[in-house]
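Q: pasting a predicted model and its sequence here:
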Amino acid sequence: MASSKLYDSAAAAVADIHDSATVLLGGVSGTNAPTALVSALADRQVRGLTCVCDSTYYGAEVLHRLVAAGCVSRIISPAPFGSGQGDMVHELWRSGDLAIEVVPWGTLAERMRSAGAGIGGVFLPVGIGTRFAEGKEIREVNGVECVFEPPLRGDFALIRANRADSVGNLVYEGAQRGWNSAVVSAARIAIAEVDHVVEPGDIDPEQVITPGIFVNRIARASSAPIG
Amino acid sequence: MTLERLDALSVARRAAAEIIPGSVVAVSGDWSIAVADLVREDKGVWFLRAGGTLSDLPINAADAGAILRGGNVDLSIVQAAQVDSRGSFAGYHATDYPGPQGHAGLIDLAGARRVVTVLPHNGADRAPNILDTLTLPPDGFRCVDTIITDVAVFRVADTGLTLTEVAPGWSAEDIRAITGTEVTVAPGLREMDFTVPPGKPPSKVYADGPSAIADLPDGATVFIDGFGGPGGMAHHLLVSLRDRGSRNLTIVSNTAGIARVVSFGTPPGRTAIDHSVLVENGQVAKAIASFPVSPSVSRPSEFELAYRRGEVDLELVPQGTLAERLRAGGAGIEAFYTPTGAGTLIAEGKESRVIDGREYILEHGLRADFALIRAHRADTRGNLVYRGTSRNFNAVMAPGARVTVVEVDQIVQPGELDPEAVVTPGIFVQRIVRRPDGFTGYE
């Protein structure tokens, strides 16, 4: 029998995330995010992480927790900066302690999909004529001007779902699906934080959104607030 | 006398009037987001949100980007900081976000079929926000077709801006005086109106197969669903297409019709309906398929026989590549690199590239004029659920066709399908047909 994917705690599930790892984070602007996993990771004081996420602002305690703990050296995101003064990401970037790569969100999601689907890169018509096409390979394909976008792979993905069975099949709740289901297939090891763990067969196969083959570890969500 | 500028709600009301019943709309910025609240629910409008919702349906973020790129968003309403005379816009003031690139939140929205910007006509210092050339970095390049400000409405063309509407009390000369580029005044210049017109989307439900494909032309490219056996195939639509007789078709499908020869579950004395009905009727010029021949040498398929006679062309595509090309076509991906087939006959004539030490070949997205697909249930908005493995190629074909026609067992009212369980959102489905009672898929 295969070893169980179910871990006793969020801390146990993230125990081997190493310095300099690339970590893909689910959630949007800090909502529907894997808060227990991120909290456990911040406690571990790893260094030099590259974090890929939708955005860091609007009270995104999730990424800020990692940044504040000094774990992050690079952020890849469509919206890395807060718009107010005193934004932590802004200040660290200005002081040279944090590298930033800004990527349009549809392109970011597609680059991760490519990684999960074994695609070597895609030609997209996104960002032509803007700063997001600068420095990239540009080619006309089928009469459409496109930029080449390579896959973006993670060492780990930390995601939040509503329900998992013990083999890792996942269902989400509402907008939770958005970025969580988009990042899960792009990492070598995907860790899902869920509200409920059920037995195989308890989830209707027609309703499974993320097949268990993409999910390596499952931890129960903590009800404790982060921060 | 100081002329009154409109408040944000009035601008949003004017922008809401741009929304066509049943269309797909993406919005960004406070002024734009207010628009969604002004559109009545019975107008059947879909609102796409980048975080992963399409009105009440939860969707994957990669699918949200795909919907924008794939030409499935009819209209983006974007709050801009500046617009230029050629329709490029900047979304943010230089002070909003630091860094050389700032914020990328609006780049995807610029890819909608139509882009409308809303913005204050002038900045806090009264400097014009509509200019010959942007002074801020663009987020959309020559994509805006209509500009709505707190004093006027402009249409954008290659020749520049045309003033079509003014706020109450304002004249064309007043507008010219505060605009940073040349303005042509439309002959029918009128006062802005703030009523949001009601309206209902046209019904997607058709009486039967023949009426749903009555305009499928000769020479069309048609996606046809199914896998190998009879499951998950739109048999009623196939027979309807045979009866219509459209010719010179390019069919894109997993097989080119082998259900008849493999005979899985076929009742004695009957014949499974598959692509063969089109091939033997002389309607197919070419197939793009991954499994075009019969698994049995002694029982060749109709397509195989026609191929041997030199009557049809074939483009052979590996199965996973076929699915990925279909997905790419629907997702606005013009081309992609895949390792499948590198070093084989499949790679002949295709560009190859070594990426991270592995050889890949370049494959292109596939689009169609029509897709004929099969699902279990549809609601009248076109949201679909499938049953078991009959999902096969259906879900991946729906987004990439200009007209997707679905054959279902049951049509229900909006709200009757669990949004969490919808597999194909209704934005991808243009026409719905119920499979006739007693229709079996065999002749």
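A: Perfect, thanks for sending it. No experiment lies behind these values; they were computed from the predicted model shown.

Q: from residue A:67, how far out is the residue in chain A sticking out farthest from the centre?
A: Most distant from the centre of chain A: residue A:143, at 33.7 Å, with distances by CA atoms, centre = their mean. Going from residue A:143 to residue A:67 by CB to CB, to the nearest Å gives 43 Å. The way it works is simple: take the backbone N, C-alpha and C, and place the C-beta from them, glycine included.

Q: what do you get for residue B:170?
A: Per CB to CB, residue B:170 is found 48 Å from residue A:67.

Q: also residue A:102?
A: 16 Å.

Q: same question for residue B:182.
A: 48 Å.

Q: all strands in chain A, in order from the N-terminus.
A: A:22-25, A:49-52, A:72-77, A:99-102, A:121-124, A:138-141, A:144-149, A:154-165, A:170-171, A:187-198, A:217-220 (DSSP state E).

Q: what helices and strands are in contact with the lengthiest helix in chain A?
A: Secondary structure of chain A per DSSP state H: the longest helix is helix A:105-117. Applying 3 or more CB pairs under 8 Å, 6 or more residues apart in numbering or on different chains; DSSP states H and E, we find helix A:105-117 packed against strand A:121-124, strand A:144-149, helix A:177-183, helix B:61-69.

Q: quick check, distance from it to the centre of its chain.
A: Here the centre of helix A:105-117 is set off from its chain's centre by 11 Å, with CA atoms, centre = their mean, to the nearest Å.

Q: so for it, what gets flagged as buried?
A: Across helix A:105-117, burial judged by 16 or more other CB atoms under 10 Å in any protein chain shown covers A:105-117.

Q: and the stretch 1-150 of chain B, which of its residues are near chain A?
A: Contact residues, the stretch 1-150 of chain B versus chain A (CB under 8 Å from any CB of the partner chain): B:49-53, B:58-62, B:64-66, B:68-69, B:88, B:96-105, B:107-108, B:111, B:137-142.

Q: filter the residues you listed down to the buried ones.
A: For the residues of the stretch 1-150 of chain B next to chain A, buried by 16+ other CB under 10 Å: B:49-53, B:58-62, B:64-66, B:68-69, B:88, B:97-98, B:101-105, B:107-108, B:111, B:137-142.

Q: now, which of these lie within helices?
A: B:61, B:62, B:64, B:65, B:66, B:68, B:69.

Q: how about the closest residue to chain A within the stretch 201-350 of chain B, secondary structure?
A: Nearest residue of the stretch 201-350 of chain B to chain A: residue B:337, at 3.3 Å (CB to the nearest CB). Here residue B:337 is strand, with the state taken from DSSP: H, G, I helix; E, B strand; the rest coil.

Q: please apply the same query to residue B:145.
A: Using three-state DSSP, the structure places residue B:145 in strand.

Q: quick check: nearest residue in space to residue B:123, chain neighbours excluded?
A: Using CB to CB, 6 or more residues apart in numbering or on different chains and skipping residues adjacent in sequence, the residue nearest residue B:123 is residue B:129, 5.9 Å away.

Q: residue B:428 touches residue B:378, doesn't it?
A: No. Judged on CB atoms under 8 Å, residue B:428 makes no contact with residue B:378 at a distance of 11.3 Å.
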